[in-house]
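K.L.:
Predicted model and sequence below, questions to follow.
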Amino acid sequence: MLVTKKIQIPNKLSCLHHVRRGARIFLYNHVNEKWQFRLVLALDEAISNIIEHGFPTPKKSKIELELIRTGDGFIFIITDSAVHFNPLERIKNHQELSSKMKTEGFGLLLLSSILKISYKIGENQENILVLEKSFSEMI
């Protein structure tokens, strides 16, 4: 059985607390505290990167986070109208990314070490970032 929740926020860092709170509530009683912290941290990092780097000129926009619990784990879908950015093009391997970490890439390293990442551009030219974690990986 799928359980879903959608959270929509404006592209403002000051609104990230809505994402953190909503994700914690959604994850509550389904993962232990350690994994709840890691997943919320990863979602926070992904969305803060979109806000910080995806809007080079001020533009009012919305970012949507869909949280999905399946029988096997979690799927998190982040949709935004920011500048197109495919994180998979930057994440070739952890070693290359960690060597650059002193100046860039910390968020990508964090995301790729916690979640499986996929990316596509939607029909309306929006970014669609899909982050997945199975229950078997959270033991």
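P.N.:
Alright, I've got the coordinates. Being a predicted model, the structure only gives us computed values, none of them experimental. Residues are numbered from 1 along each chain as shown.
K.L.:
Against which helices or strands is the longest helix along the chain packed?
P.N.:
Secondary structure assigned by DSSP state H gives helix 33-53 as the longest helix of the chain. Applying 3 or more CB pairs under 8 Å, 6 or more residues apart in numbering; DSSP states H and E, we find helix 33-53 packed against helix 16-27, strand 62-69, strand 73-80, helix 106-114, strand 127-134. In short, each C-beta sits where N, CA and C put it, glycine included.
K.L.:
Give me the helix or strand of this structure that scores worst on average pLDDT.
P.N.:
Ranked by mean pLDDT, DSSP states H and E, the weakest helix or strand in the chain is helix 94-100, scoring a mean of 56.
K.L.:
now this protein, which segments are flagged as low pLDDT?
P.N.:
Scanning the chain for pLDDT under 70 picks out 92-104.
K.L.:
Recalculate using a threshold of 90.
P.N.:
In the predicted model, the chain carries pLDDT under 90 at residues 1-2, 56-59, 88-109, 139.
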